[in-house]
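[1] sequence and computational prediction follow.
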Amino acid sequence: MSYLFWNKKSNIVLCAILTSYFSCVSLCYAALTPLELSEEAAPRIEAAPGRTWIKGFNESRDNFAEKYGTRFGFVLNYTQQTILRGEQDRGRSRGAWYWNFDVSQELWPGGRVITEFEVDKNKGVDKFIPTYSLFNSNAGENASLYIPNLYLEQGCSRDRIFMAAGKLDLSDWFDINDVANSADEQFLSEVLVNSYTIPFPSKGIGAMVKFQPYDWLYLQSGASTANSSSTKTGLSNAFNSAFFINEFGLSPKIGNLKGNYRLIFYLLHRKLEYITDETQDKRNQFGFSLSFDQALTERITLFLRYGFDDRKINAVAYAWSAGGQITEPIPGRKYDCLGIGVAQNILGRDFRTFSDPAATVSRETMIEAYYSFFLNDYLALTSDLQLVINPDADKDVDNALVAGIRLLLFF
C-alpha cells in the first residue's frame with residue numbers, strides 16, 4: 001500500500017470518479033486490425049434492414065476474397081484534443097490522425113501474408129505537456145506513406161499452433177487485454193493501452209509462436225530487434241539488439257463469463273546505461289508483468305495490469321492500471337461503450353535521487369474516461385476526458401485536464 005500514496009486533493013478527485021464509475025463498469029472490444037474491424041462489422045451490416053452501399057461493398061469484397069484469396073480493410077482515426085487545464089497551456093488544441101490500409105493474401109491452407117500501408121500526422125497535445133502516460137498513443141512523428149507491418153503467418157494443427165515472422169509488432173499478440181488494448185476504440189493514453197514497464201520495440205524484424213493445446217490454456221514466445229523504427233525496413237539493425245518475451249495465459253470460462261489471466265516475462269538485450277553512473281552499462285534487462293480481464297456479466301468487465309522494471313536503468317520502476325467498461329450503457333445503443341481507467345507510473349529511487357529530489361514526486365497518475373458512440377456500422381465517435389496528476393512526476397507542474405473527440409472510420 002505504500003505505493004498508493006495520494007495527497008488529499010487527489011483522493012477526492014479519484015474517489016468521486018470511481019464512486020460514479022463502479023455502478024456501470026463494462027466490456028467493449030479488444031485491439032483489432034483494419035481487417036478484423038471489417039470482419040467484426042460484417043454481421044451487423046448484414047443484419048441491418050434495407051439495401052445499402054456498404055452491404056453491396058461487403059458482398060463484392062467477399063466475392064473477391066473467395067475468388068483470389070485477397071482480403072482488405074481500412075481504418076481512419078482522427079483525434080482532436082484540447083487542454084482545459086495545464087501550466088501555461090490552457091486552451092491549446094491539437095489534432096492528430098492516421099490511416100491504415102491492411103491487405104491479407106492467402107498463399108496456402110492456413111498460410112497468408114499480411115501487408116499494411118500507413119500515413120501518420122501530428123503529435124497532438126503531448127507536444128505541450130510532457131508526461132510518462134501520453135495523452136494519445138496514436139500520435140507521434142509525421143510520416144508519409146510507409147509499411148509498418150509485412151509478415152507471414154501460419155496456423156496449423158487445427159489452429160492449435162500459430163506462427164508469424166517478418167516485420168511486425170509484438171504488442172499485437174502480447175499483453176492483450178479485452179478492456180484496455182486499443183487506442184482506436186478504447187482508451188487513448190498509452191499507459192492504458194499496454195503495460196508501461198514492457199519495453200515493446202517499434203515495429204521491426206521479429207517472429208512469434210503460440211501453442212494453445214486447450215481453449216483455456218496457451219503459451220507463446222516472441223523475439224524482435226530492440227532498436228527498430230516503424231517507418232524503416234529494420235534490416236540494417238536487425239541483429240544489433242534483441243527483445244524476447246514469453247507469455248503464459250489462462251482463459252477460464254464460467255457459463256458465458258470469460259476471464260483472461262496472463263503472466264508475462266521479458267528480456268531486453270542491448271547496451272543500457274545506469275541512471276546513477278553513465279560510465280557503466282549493462283547488456284540485459286529483465287522484467288515481468290500481469291494482465292487480467294474478467295467478465296462479471298454479459299455487459300460488465302474489469303481489468304488490471306501490474307508490472308515492474310529495473311529501477312537502476314529506468315525512470316519508472318513500477319506501473320499499474322485498473323478499470324473497466326460497459327456495453328450498451330444506454331438502452332437500445334447496443335454497440336456503444338463507456339469506460340474508465342486509472343493508471344500510475346511509479347518512479348524508482350535511483351532516478352529520484354539522481355534527478356532533483358526536491359522537484360520530483362514519486363508517481364504520475366492518469367485517469368481517463370470515454371464514451372464511444374456508434375453513428376452507424378462503420379463510423380464511431382468517441383468523447384474522452386483525461387486528468388493527469390503530477391505530469392512528468394514534477395510537483396511544480398499543475399495537474400492537466402484534457403478533453404478529446406475521436407472519429408473512427410473503418411470498412
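    Okay, I see it. These numbers were taken from a predicted model, which means no experiment stands behind them. Numbers count the residues shown, from 1 in each chain.

[2] now the helices for this protein?
    Shown for the chain, the helices assigned by DSSP state H span residues 8-21, 34-47, 53-68, 349-354.

[3] among those, which is nearest residue 193?
    Smallest distance to residue 193 across the helices of the chain (Cβ to Cβ): 16.3 Å, for helix 34-47. All C-beta spots, glycine's among them, are computed from the backbone N, C-alpha and C.

[4] contacts for that closest one?
    Applying Cβ atoms under 8 Å, 6 or more residues apart in numbering, the contact partners of helix 34-47 are 29, 32, 52, 54-55, 58, 61, 71-75, 100-102, 104, 114, 116, 184, 335, 377-378, 410-411.

[5] could you dump the helices of the chain to JSON lines with mean neighbour count, distance to residue 294 and mean pLDDT?
    Output for the helices of the chain, formatted as JSON lines (neighbours: other Cβ atoms under 10 Å; distance: least, Cβ to Cβ, whole Å; pLDDT from 0 to 100):
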{"stretch": "helix 8-21", "mean neighbour count": "13", "distance to residue 294": "16", "mean pLDDT": "38"}
{"stretch": "helix 34-47", "mean neighbour count": "16", "distance to residue 294": "22", "mean pLDDT": "76"}
{"stretch": "helix 53-68", "mean neighbour count": "12", "distance to residue 294": "34", "mean pLDDT": "85"}
{"stretch": "helix 349-354", "mean neighbour count": "16", "distance to residue 294": "33", "mean pLDDT": "78"}
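
[6] relative to residue 196, how far out is residue 206?
    21 Å (Cβ to Cβ, to the nearest Å).

[7] hmm, I was thinking of residue 178
    Taken as Cβ to Cβ, the span from residue 178 to residue 196 is 19 Å.

[8] before we move on, what about residue 78?
    The gap separating residue 78 from residue 196 is 26 Å, by Cβ to Cβ.

[9] of residue 178 and residue 196, which one has the most company?
    residue 196 (28 against 23; other Cβ atoms under 10 Å).

[10] what bridges to residue 381?
    Beta-bridge pairing for residue 381 (DSSP bridges): residue 373, residue 407.

[11] and the strands in the stretch 151-300 of the chain?
    Along the stretch 151-300 of the chain, counting by DSSP state E, counting those that start in this stretch, strands occupy 161-168, 204-214, 217-224, 242-250, 253-254, 257-273, 281-295, 300-308.

[12] just for the stretch 251-400 of the chain, where's the confidence low?
    277-279, 356-359 (pLDDT under 70).

[13] residues near the residue nearest to residue 240 when sequence neighbours are not counted, how many?
    Leaving aside its sequence neighbours, residue 240 sits nearest to residue 227 (Cβ to Cβ, 6 or more residues apart in numbering; 5.9 Å). For residue 227, the count of nearby residues is 17 (other Cβ under 10 Å).

[14] ditto for residue 121
    Using other Cβ under 10 Å, residue 121 has 16 neighbouring residues.

[15] residue 318 too?
    By the criterion of other Cβ under 10 Å, residue 318 has 18 neighbours.

[16] I figured it hits residue 307, correct?
    Yes: under the contact definition of Cβ atoms under 8 Å, residue 318 touches residue 307, with a separation of 7.3 Å.

[17] list residues touching both of the two?
    Common contacts of residue 318 and residue 307 (Cβ under 8 Å, 6+ apart): residue 197.

[18] got the residue ranges for the strands in the stretch 1-150 of the chain?
    Under DSSP E, counting those that start in this stretch, the stretch 1-150 of the chain gives strands at 70-85, 93-108, 111-121, 143-146, 150-156.

[19] mean pLDDT lowest where, among these?
    The minimum mean pLDDT among those belongs to strand 143-146 (a mean of 83).

[20] picking up where we left off before, so the residue nearest to residue 240 makes contact with residue 199?
    No: using Cβ under 8 Å, residue 227 is not in contact with residue 199; the gap is 11.2 Å.

[21] mind putting the helices of the chain into JSON lines with distance to residue 289?
    Listed next are the helices of the chain as JSON lines, based on distance: least, Cβ to Cβ, whole Å:
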{"stretch": "helix 8-21", "distance to residue 289": "23"}
{"stretch": "helix 34-47", "distance to residue 289": "24"}
{"stretch": "helix 53-68", "distance to residue 289": "37"}
{"stretch": "helix 349-354", "distance to residue 289": "19"}
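
[22] for residue 259, which of those is the nearest?
    Closest approach to residue 259 among these (Cβ to Cβ): helix 8-21, 20.1 Å.

[23] what's next to stretch 152-169, contact-wise?
    With Cβ under 8 Å, 6+ apart as the test, stretch 152-169 has contacts from 107, 110-114, 147-151, 173, 200, 202-213, 224, 233-234.
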